[in-house]
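# Everything below, folded, please.
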Amino acid sequence: MPWEERLTRYHELAVQELVRFDPEEPPGARLRAWDRVSEDLVERQIAEERTPCLLLGLNWIILPVEGLPTGLRLVDDDGRLLESPDEAAAHGRTEAEAARYLAEEARARAEDAAGRARAEARIRELEAELAKRSRG
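Below is the predicted model:
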């Protein structure tokens, strides 16, 4: 299926964030991302083949992965790579431990992102109330 048709389907599904990695593209064009803005998917500008994963509170980055020259990986704000189950096993952790770690990291990041979203919504409410009071 052509990419434009896929993009249309993702738009219809109302995804909040869409990330596309194409290892066949030249560096600088391999990673693309879209965000839902006012009921539309808007492509974001990406620099240095790295972009935030807004839903998880992590960052997408292109790095080597499990013997391949390039792959799409997740890192935290400190640049720590989230390991795949195979990588965890290579470091002596079981796949279940690696999966648990990834799930816990993702949950914690999602909770942080949700907390930030609630705080930002509250700030908007307070700003609106302040503007209303200053007019009245």
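# shaky segments in this structure?
Scanning the chain for pLDDT under 70 picks out 85, 95, 98-99, 102, 136.
# Can you give the domain ranges for it?
Listed by automatic domain parsing, the domain ranges of the chain are 1-82, 83-136.
# Torsion angles phi and psi at the spatially most central residue of the chain?
By C-alpha atoms, centre = their mean, the chain has its centre lying nearest to residue 53, at 1.4 Å. The phi and psi values for residue 53, taken as degrees, to the nearest 10, are phi -100, psi 100.
# Against residue 122, how distant is it?
Per C-beta to C-beta, to the nearest Å, residue 53 is found 24 Å from residue 122. Any C-beta I mention is one placed from the backbone N, CA and C, and that applies to glycine too.
# again with residue 67
Taken as C-beta to C-beta, the span from residue 67 to residue 122 is 47 Å.
# Neighbour count for those two, which is higher?
residue 122 (10 against 7; other C-beta atoms under 10 Å).
# what's the helix or strand for the spatially closest residue to residue 77 that is not a sequence neighbour?
Distance criterion C-beta to C-beta, 6 or more residues apart in numbering; nearest residue to residue 77, sequence neighbours excluded, is residue 59 at 7.0 Å. Using DSSP states H and E, the element containing residue 59 is strand 58-65.
# One more: residue 8?
If you go by DSSP H and E, residue 8 is part of helix 3-12.
# Quick check: next helix or strand after that helix?
In the C-terminal direction, the helix or strand that comes right after helix 3-12 (DSSP H and E) is strand 17-21.
# after that next one, next one along is what?
Using DSSP H and E, the next helix or strand after strand 17-21 towards the C-terminus is strand 31-37.
# in that next one, what's buried?
By 16 or more other C-beta atoms under 10 Å, the buried positions in strand 31-37 come out as 31-35.
# could I have stretch 89-107 exported to CSV, CA atoms only?
Taking Å, rounded to 0.1, in the frame of the first residue of the first chain, the C-alpha atoms of stretch 89-107 are listed here in CSV:
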residue,chain,number,x,y,z
ALA,A,89,19.6,-11.1,27.7
ALA,A,90,23.1,-10.2,26.5
HIS,A,91,23.5,-8.3,29.7
GLY,A,92,22.3,-11.2,31.8
ARG,A,93,18.6,-10.2,32.2
THR,A,94,15.8,-12.4,31.1
GLU,A,95,13.3,-11.3,28.4
ALA,A,96,10.6,-11.0,31.1
GLU,A,97,12.8,-8.7,33.2
ALA,A,98,13.6,-6.6,30.1
ALA,A,99,9.9,-6.4,29.2
ARG,A,100,9.0,-5.5,32.7
TYR,A,101,11.7,-2.8,32.7
LEU,A,102,10.4,-1.4,29.4
ALA,A,103,6.8,-1.4,30.6
GLU,A,104,7.7,0.3,33.9
GLU,A,105,9.7,2.9,32.1
ALA,A,106,6.9,3.6,29.6
ARG,A,107,4.3,3.7,32.4
